[in-house]
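[1] Need a 3D model of the sequence below.
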Amino acid sequence: VELAESGGGSVQAGGSLKLSCVASEYRFDRCGMGWYRQTPGKEREFVASLTDDGTTAYADSVNGRFAISHDNARNTLYLQMNSLKTEDTAMYYCSAKMYRGLRGCSNNYWGKGTLVTVSS
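    Numbering: from 1, shown residues only. So this is what the prediction gives:
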């Protein structure tokens, strides 16, 4: 599984960015994909997730501002980020899990991340 994020950058507070994550050697399934973020000195934190039946989940801090989606034809995961705040500044990582039958979902596979910087 290879995950390649893009779309990060610098934006002013209140602005928008759209992150992309292209997945290779991976089939989007019931275990789904997601986005996490991390700032220096802090634990990586959950941002949003999506499974193949359309079930989504969001961290409280981004609910209503961020939207996760997936394009099956492009095997690409997206994160539309609106009304960005300075506290959204972080390295954003794409994650993916694989369904392994009776063994359930795999651990997360990770991309290398894309940096989002929000200035006031």
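[2] Strands of the protein, residue ranges please.
    In the chain, strands defined by DSSP state E lie at 2-6, 9-12, 17-24, 33-38, 45-50, 56-58, 66-71, 76-81, 90-96, 109-110, 114-119, listed in chain order.
[3] Distance of the residue of the chain most remote from its centre relative to Glu87?
    What lies farthest from the middle of the chain is Leu102; by Cα atoms, centre = their mean that is 26.3 Å. Summarising the geometry, the distance separating Leu102 from Glu87, computed by Cβ to Cβ, to the nearest Å, is 41 Å. Every residue, glycine included, has its C-beta placed from N, CA and C.
[4] which residues sit in contact with the residue nearest the centre of the chain?
    Taking Cα atoms, centre = their mean as the criterion, Trp35 is the residue nearest the geometric centre of the chain, at 2.1 Å. Trp35 sits next to 19, 21, 47-49, 68, 77, 79, 92-95 when contact means Cβ atoms under 8 Å, 6 or more residues apart in numbering.
[5] what do you get for Gly32?
    Contacts of Gly32 (Cβ under 8 Å, 6+ apart): 49-52, 55, 96-97.
[6] Output these in JSON lines, with neighbour count and distance to Arg27 appended to each entry.
    Converted to JSON lines, the contacts of Gly32 look like this (neighbours: other Cβ atoms under 10 Å; distance: Cβ to Cβ, whole Å):
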{"residue": "Ser49", "neighbour count": "20", "distance to Arg27": "16"}
{"residue": "Leu50", "neighbour count": "22", "distance to Arg27": "14"}
{"residue": "Thr51", "neighbour count": "19", "distance to Arg27": "12"}
{"residue": "Asp52", "neighbour count": "15", "distance to Arg27": "9"}
{"residue": "Thr55", "neighbour count": "10", "distance to Arg27": "17"}
{"residue": "Ala96", "neighbour count": "23", "distance to Arg27": "10"}
{"residue": "Lys97", "neighbour count": "21", "distance to Arg27": "11"}
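[7] Determine which two of the residues you listed are furthest apart.
    Thr55 and Ala96 (15.2 Å; Cβ to Cβ).
[8] remind me which residues of the protein are low pLDDT?
    Residue ranges of the chain with pLDDT under 70: none are present.
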